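Undergrad: when you get a sec, could you give me coordinates for this:
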Amino acid sequence: MKRTIFIWMLVLLASSATFAQEIAEKEATTDTVSSDSLTYNLLIEDIYFVQWYLLNFDASKDYTHEYYRLKNLAAAQAWNDLYLTGQYRDVINAWLNYLPEVAYDMELDRRLYWYFRYVSTQYGIPLQL
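TA: Sure, this is the predicted structure:
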């Protein structure tokens with residue numbers, strides 16, 4: 001009897017670990033933009049961002065594409081300045097290559113803007129939004 005319970009516990013443990021991994025993989029957000037032969041990807045690895053975004057984004061109060069682009073330029077500059085100084089290394093751990101001359105699509109700019117807002121509110125990092 002003890003052996004049967006032990007086997008069932010191993011099966012449950014293995015299935016819960018697989019389920020947790022599937023959830024984590026689904027929650028990593030990726031937006032892709034194609035322009036000519038180039039593809040731009042926005043990969044957000046923070047698993048809590050998706051939930052925060054769904055709770056905070058309101059389509060009825062959506063901004064224009066130009067608004068997102070201008071805010072993202074300022075926030076990306078602030079992000080890169082903080083990266084160079086080594087501040088907030090646990091959150092800002094990579095250089096952000098957001099270029100003003102590239103025409104990113106609306107969805108990528110929207111997601112990036114809202115990620116900057118998430119980082120600013122959740123971690124208290126000033127990103128000039």
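Undergrad: who are the packing partners of the host helix or strand of residue 77?
TA: Element membership for residue 77 (DSSP states H and E) is helix 65-85. Based on contacts counted as 3 or more C-beta pairs under 8 Å, 6 or more residues apart in numbering; DSSP states H and E, the elements that helix 65-85 packs against are helix 106-123. Every residue, glycine included, has its C-beta placed from N, CA and C.
Undergrad: pLDDT of the helix it packs on, averaged?
TA: The predicted model assigns helix 106-123 a mean pLDDT of 95.
Undergrad: ok, back up a step: what residues sit buried inside the helix holding residue 77?
TA: Counting neighbours by 16 or more other C-beta atoms under 10 Å, one finds that the buried residues in helix 65-85 are 68-69, 71-72, 75-76, 78-80, 82-83.
Undergrad: and what of stretch 47-56?
TA: Going by neighbour count (16+ other C-beta under 10 Å), the buried part of stretch 47-56 is 49, 52-53.
Undergrad: chain neighbours aside, what residue packs nearest to residue 69?
TA: Distance criterion C-beta to C-beta, 6 or more residues apart in numbering; nearest residue to residue 69, sequence neighbours excluded, is residue 109 at 5.5 Å.
Undergrad: for this protein, name the helix or strand with the lowest mean pLDDT.
TA: Averaged element by element with mean pLDDT, DSSP states H and E, the chain has its least confident helix or strand at helix 2-27 (a mean of 46).
Undergrad: what sits against the residue nearest to residue 69?
TA: By C-beta atoms under 8 Å, 6 or more residues apart in numbering, the contact list for residue 109 reads 65, 68-69, 72.
Undergrad: distance check, it against residue 87.
TA: 25 Å (C-beta to C-beta, to the nearest Å).
Undergrad: same question for residue 42.
TA: Taking C-beta to C-beta as the measure, residue 42 and residue 87 are separated by 22 Å.
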